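> Fold the following, please.
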Amino acid sequence: MLSRELTAFLVEFSVSLHKHAIYPSGHPSLEPAAARLTDIATRLLEGRATLAFGVARHQIIIDGVATDPKHPVLRRLAETLHHHQLGAMSILPGVTADEMYAALCALAKETPDDAGEQRPLDRPHVRFHPLSLDRLEIVDEDPSAAEDLDSEPRRKRAQLWVGLANAAMARDAEVDPLDTVPDADDVAKAIDDRAGAAAYDQVVVGYLLQITEELKNSPSADHGALRRRTAKLIRAVRPETLQRLVTMGGNTAQRKAFVLGATTGMAMDSVVKILKAAAEASNQTISHGMVRMLSKMASHAERGEESLRPVAESELREQVDSLLSGWDLDDPSPSAYAKTLQHLATSVSAPDTTTDGDGEPGYEMSPMHVVQIALEVGGTGPVIERGIDRALDAGHLHSLYTVLTFLPPGAAMTADLIRARLGSARAMQLLMSREPVDLKMLDALAPFLRIDGYEVLLDALITTNNRSTRRKLLERLAPTDLDVGPLIVARLDDERWYVQRNLLLLLERLCRVPPGFDVGRWTQHADPRVRYHGLSLQLNLQDQRESGIHAALIDSDERVRRLGLVACQSECPRPMIPLVAGLAANAQVGPELRMLAVKVLGTCRERPALATLLSLVNGGTTWLGKPKLAVRSPVVLASLRALSGAWASEAEATRLLDLARQSSDPEFRQAVQAGVA
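Residues are numbered from 1 along each chain as shown. Below you'll find the model as predicted:
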């Protein structure tokens, strides 16, 4: 849509020109009208190098936008300028009111000047660009169309091509009246050669817009020669020329409008080429893979089987519309996304050769191209799934993860499909097949891990001979919400002790086991390392905790017994107190383990615990018959602390505690005080 400022300028231009046409020379209204028009033009020129607009029969084209042909004031301006055989007009910075007045007076004449007198209409800052639309003969490539040339729609389409050809071929020299409409290749060459002329580009784009509108509003069966010529022209112009024409509007919305219009009426290959130019003009990226897909769809739409053409054309228009809609969204990292797409489009290890329906070799396409295109169009389905699987088989694990970093709009479903495949058994097999294992990638894929992928990692934990890899896998397999308990339990029958130990440790870190699972078999294992982790797991299972404590306290391995005593510190089952007391009183047990047993007894309010503590502290009597404390040792001091903390009110304990308080040994006194504290 034309901006308010430009619309105001054109309306003022039309009004001023109309005044100059109806009032005689020297009328007091004319010079103020020219001055107002000059002021508006000067304000507009503050932000641009030139104010140029093209002239169509009923429209003015400015900044790549054609005015509404139904607007009475602007339509009158277009018709007046067209009557003077002008193709465009340019106003340059520095224009004066006198120059504008002279230009308006010249344009207000009822009939245009002769061709030889048109150039003197120019002023230093007001330029006229003449065209001769009446000197070319209309030639239709379709012989059958000639019979119907008098019909208004066909005559209008022919006039549009003549106008475009004249605009493109316009030169200072006269055109030979005997010339026919130039071939599209000649028109394209003329447009290529006229780079940098803003007014020239205005009128060319204006005619292209009108052609697009005409093709869009007429039945496809009636497009005829105009559609063919336009398609040939678009194919023939250089990419940089097409980008120059699309860029001329300087507005993304205008470019989108032009491309959307082109998709409705122009040939499909022309649509793809215009789309690429519009993307480059808007600093957007369309990957090579996406362009290949669009080009193939265009080919099917133009030259495919009769039944496929409307489907391919509809899909192409839908994808173009989706891409243009996506340009309104902010890319969180445009440069990084562009680099990623470029890398995926150009770095291919070995292309896959597909086959057509008859089993014959078809076109080659990298699986990563399939994935990339699927992301851009938001596609899912069996074809995309096969493409992702082939990409994994080809070793593109990092590339698949990378494309998830910068997702194009509308790619959520495709991204979910890729994530699911990245957590599958196929992906994990690829990851674990290389030593050393890429732990960074494993950590990155952990949130996507599926049950079959976890099973592969579990097998790797069992089969790898690398201790470092086993340790690192143990660290990463425990934090999961997947129901993997049955998978782990099923592998506990392995004869290797370290496999059983690792699996038991994994179950312990998971903090859950399958219902009905009994760890007792592994708490009786011949290897204390397996017993230790079996009991550690059993102590964390509430229904098996007491059995685990009993097994640990009677175990021959000191490390295992320590495990049982530590478990008793939080809560010691009553049946276990005699076993704990036995460890505390056993002089054959190491002092650290005995002290730990004493500490457990200090938490128990049971008489067997008190009896054991008293026996450890009581040293009998002196030769005079007085009671005395046992010889100082870490176990005796620990027992004193336990008695002063839990049994201070018991008469038997009080007698021994008083002896400790009155002792000359400071460590006895400190032990009692520490227990009270």
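
> Now Ala427. Nearest residue, chain neighbours left out?
Leu392 (5.6 Å; C-beta to C-beta, 6 or more residues apart in numbering). Glycine gets a C-beta too; all of them are placed from N, C-alpha and C.

> Correct me if wrong: that neighbour contacts Leu431.
No. Contact criterion C-beta atoms under 8 Å: Leu392 and Leu431 do not qualify, at 9.9 Å.

> Just the CA atoms of stretch 183-191, as PDB, please.
C-alpha atoms of stretch 183-191 as PDB (Å, rounded to 0.1, in the frame of the first residue of the first chain):
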ATOM      1  CA  ASP A 183      11.200 -11.000 -28.200                       C
ATOM      2  CA  ALA A 184      11.300 -11.600 -24.400                       C
ATOM      3  CA  ASP A 185      15.100 -12.200 -24.600                       C
ATOM      4  CA  ASP A 186      15.600  -8.800 -26.200                       C
ATOM      5  CA  VAL A 187      13.400  -7.100 -23.500                       C
ATOM      6  CA  ALA A 188      15.400  -9.000 -20.800                       C
ATOM      7  CA  LYS A 189      18.700  -7.800 -22.200                       C
ATOM      8  CA  ALA A 190      17.500  -4.200 -22.300                       C
ATOM      9  CA  ILE A 191      16.500  -4.400 -18.700                       C
END
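
> What residues of it count as buried?
Neighbour counts over stretch 183-191 (16 or more other C-beta atoms under 10 Å) mark 184, 187-191 as buried.

> Narrow the residues you listed to those in strands?
Among the buried residues of stretch 183-191, no residue falls in strands (DSSP state E).

> Tell me which of those residues fall in helices.
Cross-referencing the buried residues of stretch 183-191 against helices under DSSP state H gives 184, 187-191.

> Rebuild the residues you listed as JSON lines, extending it with distance to Leu308 and pLDDT.
JSON lines is the format used below for those (distance: C-beta to C-beta, whole Å; pLDDT from 0 to 100):
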{"residue": "Ala184", "distance to Leu308": "27", "pLDDT": "75"}
{"residue": "Val187", "distance to Leu308": "32", "pLDDT": "78"}
{"residue": "Ala188", "distance to Leu308": "30", "pLDDT": "75"}
{"residue": "Lys189", "distance to Leu308": "35", "pLDDT": "79"}
{"residue": "Ala190", "distance to Leu308": "37", "pLDDT": "78"}
{"residue": "Ile191", "distance to Leu308": "33", "pLDDT": "77"}
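
> just the residues you listed now: which is nearest Leu316?
Nearest to Leu316 out of these is Ala184 (C-beta to C-beta; 22.3 Å).

> Contact partners for the closest one?
229-230, 232-233, 236 (C-beta atoms under 8 Å, 6 or more residues apart in numbering).

> Mind doing that once more with 7 Å?
229, 232-233, 236 (C-beta atoms under 7 Å, 6 or more residues apart in numbering).

> now swap in Val437 and tell me
431, 469.

> pLDDT below threshold where in the stretch 251-400 of the chain?
251-269, 280-292, 323-365 (pLDDT under 70).

> Which stretches in it count as helices?
Counting by DSSP state H, counting those that start in this stretch, the stretch 251-400 of the chain has helices at residues 252-265, 268-281, 288-303, 309-326, 334-346, 367-377, 382-393, 397-403.

> what angle do the fourth one and helix 367-377 make?
Put plainly, it is helix 309-326. 70 degrees (axes from the mean of the first three to the mean of the last three C-alpha atoms, to 10 degrees).

> For the host helix or strand of Leu10, output the C-alpha coordinates as PDB.
Assigning secondary structure by DSSP states H and E places Leu10 in helix 4-22. Taking C-alpha atoms only, helix 4-22 is exported to PDB below (Å, rounded to 0.1, in the frame of the first residue of the first chain):
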ATOM      1  CA  ARG A   4       0.300   8.600   3.100                       C
ATOM      2  CA  GLU A   5       3.100  11.100   2.200                       C
ATOM      3  CA  LEU A   6       3.500   9.700  -1.400                       C
ATOM      4  CA  THR A   7      -0.300   9.600  -1.900                       C
ATOM      5  CA  ALA A   8      -0.500  13.300  -0.700                       C
ATOM      6  CA  PHE A   9       2.200  14.300  -3.200                       C
ATOM      7  CA  LEU A  10       0.500  12.500  -6.200                       C
ATOM      8  CA  VAL A  11      -2.900  14.000  -5.200                       C
ATOM      9  CA  GLU A  12      -1.300  17.500  -5.000                       C
ATOM     10  CA  PHE A  13       0.400  16.900  -8.300                       C
ATOM     11  CA  SER A  14      -2.900  15.900 -10.000                       C
ATOM     12  CA  VAL A  15      -4.700  18.900  -8.500                       C
ATOM     13  CA  SER A  16      -2.000  21.400  -9.500                       C
ATOM     14  CA  LEU A  17      -1.800  20.000 -13.000                       C
ATOM     15  CA  HIS A  18      -5.600  20.200 -13.300                       C
ATOM     16  CA  LYS A  19      -5.500  23.900 -12.200                       C
ATOM     17  CA  HIS A  20      -2.800  24.700 -14.800                       C
ATOM     18  CA  ALA A  21      -5.000  23.000 -17.500                       C
ATOM     19  CA  ILE A  22      -8.300  24.900 -16.700                       C
END
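
> Check which helices and strands that helix sits against.
The contact analysis (3 or more C-beta pairs under 7 Å, 6 or more residues apart in numbering; DSSP states H and E) places helix 4-22 against helix 30-44, helix 72-83, helix 97-107.

> Now render these as CSV, adding mean neighbour count and mean pLDDT.
As requested, those are arranged in CSV below (neighbours: other C-beta atoms under 10 Å; pLDDT from 0 to 100):
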stretch, mean neighbour count, mean pLDDT
helix 30-44, 18, 89
helix 72-83, 18, 86
helix 97-107, 19, 88
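
> Not counting sequence-adjacent ones, nearest residue to the residue most central in space within the chain?
Nearest residue to the geometric centre of the chain (C-alpha atoms, centre = their mean): Leu407, 1.1 Å. In this structure, Leu407 finds its nearest non-sequential neighbour in Ala415, 5.5 Å apart by C-beta to C-beta, 6+ apart.

> cool, and Val598?
Closest to Val598 by C-beta to C-beta, 6+ apart is Ala638, at 4.4 Å.

> For that neighbour, grab the count of nearby residues.
26 (other C-beta atoms under 10 Å).

> That one contacts Met595, doesn't it?
Yes. Look at Ala638 against Met595 with C-beta atoms under 7 Å: they come within range, at 4.6 Å.

> Give the full set of residues in contact with Val600.
Neighbouring residues of Val600 by C-beta under 7 Å, 6+ apart: 565, 568-569, 572, 580.

> A helix includes it, no?
Yes. Assessed by DSSP: H, G, I helix; E, B strand; the rest coil, Val600 belongs to a helix.

> so how far is whatever helix or strand Val566 lives in from its chain's centroid?
Assigned by DSSP H and E, Val566 belongs to helix 558-570. Relative to the centre of its chain, helix 558-570 is centred 52 Å away, using C-alpha atoms, centre = their mean, to the nearest Å.

> all helices of the stretch 551-677 of the chain, in order?
Counting by DSSP H, counting those that start in this stretch, the helices of the stretch 551-677 of the chain are 558-570, 577-585, 591-601, 607-617, 634-646, 651-661, 666-676.
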